[in-house]
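K.L.:
I'll drop the sequence and a predicted model, then ask my questions.
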Amino acid sequence: MSKQATHYVAVIGGAVAGSVAAEILAEHGIQVVIIEQNKKPYGKIEDGLPRWHREQRKQEYARIDARLKKPGVTFIPSTRLGSDLDFKELIDQWGFSAVVLANGAWRDRNVGVEGADEYIDKGLIYQNPFIYWYNHKNEKSYSGPRYEAPDETLVLGGGLASIDVVKILQLETYERALRAKGVETDMHELEKKGIPAICKNHNIEPQELGVKGCLLIYRRRMQDMPLAQPPDNATPEQLARTEGIRQKLLSVQQKKYLFRFQDRRLTGGLIVENGRLVGLKLSETHVEGRKATPIPGTEHELRSPLIISSIGSVPEIIPGIAMKGEYYTFKDWDLGYYAGSDRVFGVGNVVTGQGNIRASLVHSQKVANHLIENYMGVGESGDISGFTAPAEGRAAAQAEQVKERIQSVTPLSEAQVKALEQRISAAQKKAGYGGDYDAWIAKVTPPDLE
Ligand SMILES: Cc1cc2nc3c(=O)[nH]c(=O)nc-3n(C[C@H](O)[C@H](O)[C@H](O)COP(=O)(O)OP(=O)(O)OC[C@H]3O[C@@H](n4cnc5c(N)ncnc54)[C@H](O)[C@@H]3O)c2cc1C
């Protein structure tokens with residue numbers, strides 16, 4: 001750590017947004033301390049991007065590593081803001097010039113029916129722990145909850161992440177069904193070529209396997225699904241084209257992974273038997289713009305061995321951080337200025353939650369749509385290398401603002417720097433981190449991490 005350092009910034013979370021911000025700040029002579037809750041700093045890339053994207057995941061790990069190893073960036077792993085570290089203490093007592101929240105969106109949005117959360121792990125699970133399990137379940141050292149992926153699971157969703165959930169269910173179910181017929185398949189092959197193609201290679205008709213498939217339900221119309229996005233200020237023709245792309249995307253997915261889909265359904269109640277959630281009470285909806293309202297008289301029941309809610313991720317509640325609805329309170333949502341303190345900022349998913357891959361400054365709409373097709377496994381090249389570009393671009397722009405602000409703040413005195421560096425060393429020691437980033441990553445990476 002530098003003795004000449006005059007500004008120190010804490011960045012909470014070391015994944016895409018946090019590492020991009022850290023690199024930019026460090027390049028401007030600002031000392032940056034990444035405080036990461038996990039042993040590894042890869043965030044959604046490791047725990048949210050399904051493991052069939054193996055090449056992309058490896059490339060992103062390497063890019064995050066390179067940023068976190070830049071001179072001026074210090075890493076503190078295994079330290080969680082909100083439990084290991086108090087937010088108010090961090091901003092008021094540690095003495096950082098600024099605090100940047102880059103902790104992403106890890107809290108599943110509530111299912112929206114009173115009492116539903118009583119049935120978590122009793123018929124109901126949420127998307128984030130489910131994908132975490134899927135990505136890590138084959139590691140020998142995995143000790144988290146284990147989930148089943150039963151046939152006929154009901155998935156509530158509509159966005160990209162819910163398509164990932166549906167694909168996981170179908171891949172698991174068909175792999176099991178094929179194995180029961182003596183056919184060993186590889187998940188990567190099933191995902192890449194699609195279920196019908198693999199069945200055909202083995203002279204099996206998918207119907208022979210007796211799989212009914214999981215069911216994805218969405219509250220609006222199929223053409224409203226947030227899979228592709230129109231450009232800003234879209235014309236009626238552009239809107240119609242986007243709706244067509246969404247329908248095509250979904251139907252190509254269904255052909256490849258054989259899941260069922262039902263649009264215009266809203267959850268209104270729970271069906272509980274013997275302390276377990278066994279189904280949902282649904283209504284058909286009337287859709288007007290973004291509003292989906294239940295149509296009286298269309299109430300019906302749908303039973304399912306498992307319900308997975310995949311209706312979006314929002315930032316975790318952290319004691320001391322002011323909330324506006326599901327989000328932290330930012331007074332400028334583009335720039336990530338936190339309303340409660342002019343020394344606290346937000347970058348990345350923590351500001352807006354996990355939005356959609358939008359046609360942005362970084363991507364033309366055409367590129368964005370190809371990217372989504374490739375992400376979903378229905379594109380021609382399978383290349384998703386531009387996937388994190390919107391998140392990186394946004395984080396870089398926000399980091400520039402943080403830099404501007406910090407440069408107008410009084411530099412830290414030598415005594416302040418000394419006291420802060422003592423706290424940083426103590427936190428690293430507590431985490432068992434000796435300061436050698438590569439050696440640490442090698443130590444904490446399971447040999448069988450996919
Ligand atoms: C299904 C899916 C859909 C996606 N869709 C989009 C999209 O629409 N648009 C887009 O731009 N990108 C999208 N992405 C791409 C990309 O994954 C994300 O944009 C990007 O990875 C988010 O980076 P982040 O750094 O903001 O958040 P994260 O990757 O979530 O990183 C947050 C980091 O903070 C850490 N952390 C969390 N809480 C704490 C705490 N309390 N204390 C300390 N550390 C903490 C976490 O462990 C993590 O390392 C998507 C990814 C997936 C998997």
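P.N.:
Yep, it's here. Numbering: from 1, shown residues only.
K.L.:
show me what contacts Gly269?
P.N.:
113, 280-281 (C-beta atoms under 8 Å, 6 or more residues apart in numbering). From N, CA and C alone the C-beta is placed, and that goes for glycine too.
K.L.:
and Ala180, how many neighbours does it have?
P.N.:
Residues lying near Ala180 (other C-beta atoms under 10 Å) number 10.
K.L.:
Leu335 touches Glu400, doesn't it?
P.N.:
No - the criterion here is C-beta atoms under 8 Å, and Leu335 misses it with Glu400 at 9.2 Å.
K.L.:
show me what contacts the residue lying closest to Pro411 once chain neighbours are set aside?
P.N.:
The spatial neighbour of Pro411 that comes closest, neighbours along the chain excluded (C-beta to C-beta, 6 or more residues apart in numbering), is Thr6 at 3.4 Å. Each residue near Thr6 by C-beta under 8 Å, 6+ apart is listed here: 411-412, 417.
K.L.:
for the stretch 51-200 of the chain, which residues are neighbours of the ligand?
P.N.:
Contact residues, the stretch 51-200 of the chain versus the ligand (C-beta under 6 Å from any ligand atom): 80-82, 102-104, 106, 160-161, 164.
K.L.:
would you reformat these as a markdown table and include secondary structure and neighbour count?
P.N.:
Shown next, in a markdown table, are those (DSSP: H, G, I helix; E, B strand; the rest coil; neighbours: other C-beta atoms under 10 Å):
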| residue | secondary structure | neighbour count |
| --- | --- | --- |
| Arg80 | coil | 15 |
| Leu81 | strand | 23 |
| Gly82 | coil | 16 |
| Ala102 | coil | 31 |
| Asn103 | coil | 30 |
| Gly104 | coil | 27 |
| Trp106 | coil | 21 |
| Leu160 | helix | 19 |
| Ala161 | helix | 22 |
| Asp164 | helix | 24 |
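K.L.:
ok, now which ones touch Glu139?
P.N.:
Shown in contact with Glu139 (C-beta under 8 Å, 6+ apart): 446, 448-449.
K.L.:
if we use 10 Å, what do you get?
P.N.:
The contact partners of Glu139, by C-beta atoms under 10 Å, 6 or more residues apart in numbering, come to 445-450.
K.L.:
can you tell me which of the residues you listed lies closest to Asn135?
P.N.:
The closest of those to Asn135 turns out to be Glu450 (C-beta to C-beta; 7.2 Å).
K.L.:
list phi and psi for the closest residue to Ala102 other than its chain neighbours.
P.N.:
Using C-beta to C-beta, 6+ apart and skipping residues adjacent in sequence, the residue nearest Ala102 is Gly18, 3.4 Å away. Dihedral angles of Gly18 (phi, psi; degrees, to the nearest 10) stand at phi -60, psi -40.
K.L.:
and Gly18, how close does it get to Arg146?
P.N.:
Remark: distance between Gly18 and Arg146 (C-beta to C-beta, to the nearest Å) = 30 Å.
K.L.:
out of those two, which sits in the busier spot?
P.N.:
Gly18 (31 against 8).
K.L.:
circling back to that earlier point, select only the buried ones of the contacts of Gly269 in PyMOL?
P.N.:
Buried members of the contacts of Gly269, defined by 16 or more other C-beta atoms under 10 Å, are picked up in PyMOL with:
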select buried, resi 113+280
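K.L.:
among the contacts of Gly269, which are in strands?
P.N.:
Within those, residues falling in strands by DSSP state E are 280-281.
K.L.:
in a markdown table: the contacts of Gly269, plus pLDDT and distance to Ala197.
P.N.:
Formatted as a markdown table, these follow (pLDDT from 0 to 100; distance: C-beta to C-beta, whole Å):
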| residue | pLDDT | distance to Ala197 |
| --- | --- | --- |
| Val113 | 95 | 39 |
| Leu280 | 98 | 33 |
| Lys281 | 98 | 38 |
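K.L.:
between the contacts of Gly269, which is closest to Met323?
P.N.:
When these are compared for distance to Met323 (C-beta to C-beta), Val113 wins out at 21.5 Å.
K.L.:
show me the contacts for that closest one.
P.N.:
124, 266-270, 277, 280-281, 309.
K.L.:
circling back: who wins on neighbours among the contacts of Thr6?
P.N.:
The most crowded member of these, judged by other C-beta under 10 Å, is Val417 (21 neighbours).
K.L.:
give the helix, strand or coil label for Pro390.
P.N.:
For Pro390, the assignment made with DSSP: H, G, I helix; E, B strand; the rest coil gives helix.
K.L.:
quick one: contacts of stretch 55-65?
P.N.:
14-16, 18-20, 22-23, 40-46, 49-51, 53, 135, 374-375, 382-385, 387-388, 392, 437-438, 441, 445, 449-450.
K.L.:
one more time with 8 Å, if that's ok
P.N.:
Where contact means C-beta under 8 Å, 6+ apart, the residues beyond stretch 55-65 that reach it are 14-16, 19, 41-42, 45-46, 49, 51, 384-385, 387-388, 437-438, 441.
K.L.:
how about the residues of the stretch 201-350 of the chain by the ligand?
P.N.:
Residues of the stretch 201-350 of the chain lying close to the ligand by C-beta under 6 Å from any ligand atom are 316, 318, 348-349.
K.L.:
what is the helix or strand where Ser251 lies packed up against?
P.N.:
If you go by DSSP states H and E, Ser251 is part of helix 236-257. Judged by 3 or more C-beta pairs under 8 Å, 6 or more residues apart in numbering; DSSP states H and E, helix 236-257 is in contact with helix 160-180, helix 195-201, strand 260-262, helix 365-376.
K.L.:
which one of these is the most hemmed in?
P.N.:
The highest mean neighbour count among these, using mean count of other C-beta atoms under 10 Å, belongs to helix 160-180: a mean of 22.
K.L.:
how about residues contacting the helix or strand following that one?
P.N.:
Using DSSP H and E, the helix or strand that follows helix 160-180 in sequence is helix 187-193. Contacts to helix 187-193, defined as C-beta under 8 Å, 6+ apart, come from residues 52, 54, 167, 171, 174-175, 198, 377, 382.
K.L.:
okay, the residues you listed in JSON lines with pLDDT and distance to Pro236 next?
P.N.:
Formatted as JSON lines, those follow (pLDDT from 0 to 100; distance: C-beta to C-beta, whole Å):
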{"residue": "Trp52", "pLDDT": "95", "distance to Pro236": "37"}
{"residue": "Arg54", "pLDDT": "91", "distance to Pro236": "41"}
{"residue": "Lys167", "pLDDT": "98", "distance to Pro236": "33"}
{"residue": "Leu171", "pLDDT": "98", "distance to Pro236": "38"}
{"residue": "Tyr174", "pLDDT": "98", "distance to Pro236": "40"}
{"residue": "Glu175", "pLDDT": "97", "distance to Pro236": "44"}
{"residue": "Ile198", "pLDDT": "97", "distance to Pro236": "41"}
{"residue": "Gly377", "pLDDT": "77", "distance to Pro236": "31"}
{"residue": "Gly382", "pLDDT": "74", "distance to Pro236": "33"}
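K.L.:
so which of those comes closest to the ligand?
P.N.:
Nearest to the ligand among those is Lys167, at 10.7 Å by C-beta to the nearest ligand atom.
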